[in-house]
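> All I have is the shape, not the residue letters:
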């Protein structure tokens, strides 16, 4: 079984950020490769986080004509936004409050839930989200394979959450500017 994950591109600032035009340009090239892998009528389901940029991934991929197949869940991401300040990981909550990364417990709390959620998805489902899905599956934020504007195939055996294997199908970008700030 395989589920595809498309991660958002460069984001705007502020609470519940969307993608910049450059972010849309980073995601649009994923469309052809994704559709080449899917059945002719598209994915059976499209799962989207509840934040603005997660929906914009679906839009950039040209999936909005399949809205009857859309399902939304904070498991796939929300309006929170990870970034670095002075080299330290931080999180901006949807209402604008900035907290230290170690105060943000969603990745740890959702790690078991996300594995179970993936087990329930039909083959060839598309998830429109960002790096938090990868982090919740155990990848580290600073891993070279934890990319924005990228396409992943998440392989698994039904009913076996520990069988999940993440394949980077189409490389994206590392949105860290080298100064500790997420771009």
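Now that the structure is in, tell me what you want to look at. This one's a predicted model, so the numbers in the text were calculated from it and none came from an experiment.

> gap between the two ends of stretch 50-64?
Using CA to CA, to the nearest Å, the end-to-end distance of stretch 50-64 comes out at 15 Å.

> name the helices or strands packed onto the helix or strand that contains residue 84?
Applying DSSP states H and E as the criterion places residue 84 in strand 81-85. Contacts defined by 3 or more CB pairs under 8 Å, 6 or more residues apart in numbering; DSSP states H and E place strand 81-85 against strand 88-92. Quick note: C-beta positions are derived from backbone N, CA and C, even for glycine.

> now whichever helix or strand comes after the strand it packs on, how far from the chain's geometric center?
Using DSSP H and E, the helix or strand that follows strand 88-92 in sequence is strand 98-100. From the chain centre to the centre of strand 98-100 is a distance of 21 Å (CA atoms, centre = their mean, to the nearest Å).

> cool, stretch 59-67 as well?
With CA atoms, centre = their mean, you get 16 Å for stretch 59-67.

> buried sites along that stretch?
Buried residues in stretch 59-67, counted by 16 or more other CB atoms under 10 Å: 60-61, 63, 66.

> quick one: which of those residues is nearest to residue 81?
Nearest to residue 81 among these is residue 60, at 17.8 Å by CB to CB.

> contacting residues around the closest residue in space to the closest one that isn't next to it in sequence?
Distances taken as CB to CB, 6 or more residues apart in numbering put residue 27 closest to residue 60, at 3.9 Å, once the chain neighbours are dropped. Residues counted as contacts of residue 27 (CB atoms under 8 Å, 6 or more residues apart in numbering) are 6, 8-9, 19, 56-57, 60-61, 149.
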